[in-house]
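>>> Fold the following for me, if possible:
(2 chains)
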Protein chains: 2
Amino acid sequence: MEEEGGSTVKWEVRVSYKRGVQDPEGESTLYALKMLGFDKVKEVHTAKLFIIEGDYSLEDVEKMCRRLLANPVSQDYEIRRVD
Amino acid sequence: MEEEGGSTVKWEVRVSYKRGVQDPEGESTLYALKMLGFDKVKEVHTAKLFIIEGDYSLEDVEKMCRRLLANPVSQDYEIRRVD
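Sure, this is the predicted structure:
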């Protein structure tokens, strides 16, 4: 489907765990891959992506991150424009 | 920390919902952003990233996707090398 009217910007926000914070899904994925025979896997980390469409600036998206998308105590975020 | 010995390749697997499949976290994030006043947001989609370190080929990582990381019924995956 094409975008209908109005300016739309597409942002991609990547939320990952800060160094030193446990990544339980990464750990259980590592374990499961080893169980499946992929025993040369050394590390698995996970991150979440939010793809956000709307007429917003980078500064606005940073506000979204601080207010909702990322936990400042345990998570980092990176924002890039993808449209 | 630096990698110790052995060859390590770093892959990034992006798992997203197929077109037409519900993305409940995207929908609830869209709703929450609107509640916070970001009412120009048109769409939010989510995806999951797995960052996998180990001496594996692209073909091996495709096997990991098919066997564990992605649900072939509802999800697509993209693999890229990031080391």
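>>> right, and A:Asp60 touches B:Phe38 too?
Yes. Assessed by Cβ atoms under 8 Å, A:Asp60 is found in contact with B:Phe38 at 7.2 Å. The C-beta positions use only the backbone N, C-alpha and C, and glycine is treated the same way.
>>> In terms of packing, which of the two has more residues around it?
Taking other Cβ atoms under 10 Å in any protein chain shown, A:Asp60 and B:Phe38 do not tie; B:Phe38 has more neighbours (20 against 17).
>>> chain center to the top helix by length along chain A: distance?
Looking across chain A with DSSP state H, the single longest helix is helix A:24-35. Distance of helix A:24-35 from the chain centroid (Cα atoms, centre = their mean, to the nearest Å) equals 19 Å.
>>> Leaving out chain neighbours, which residue sits closest to A:Leu58?
Excluding the flanking residues, the one nearest A:Leu58 by Cβ to Cβ, 6 or more residues apart in numbering or on different chains is A:Ile79, at 6.2 Å.
>>> can you count the residues close to that neighbour?
Other residues close to A:Ile79 by other Cβ under 10 Å number 18.
>>> so how far is A:Lys10 from it?
In this view, A:Ile79 and A:Lys10 are 11 Å apart by Cβ to Cβ, to the nearest Å.
>>> same deal with A:Val44?
28 Å.
>>> Please give me every residue in contact with the nearest residue to A:Ser7 once chain neighbours are set aside.
Excluding its sequence neighbours, the residue lying closest to A:Ser7 (Cβ to Cβ, 6+ apart) is A:Asp55, at 5.0 Å. A:Asp55 sits next to A:Gly6, A:Ser7, A:Thr8, A:Val9, B:Lys40 when contact means Cβ atoms under 8 Å, 6 or more residues apart in numbering or on different chains.
>>> What strands flank the strand or helix carrying A:Glu53, and is each parallel or antiparallel?
Assigned by DSSP states H and E, A:Glu53 belongs to strand A:41-54. Here strand A:41-54 has these sheet partners by DSSP bridges: strand A:9-17 (antiparallel), strand B:41-54 (antiparallel).
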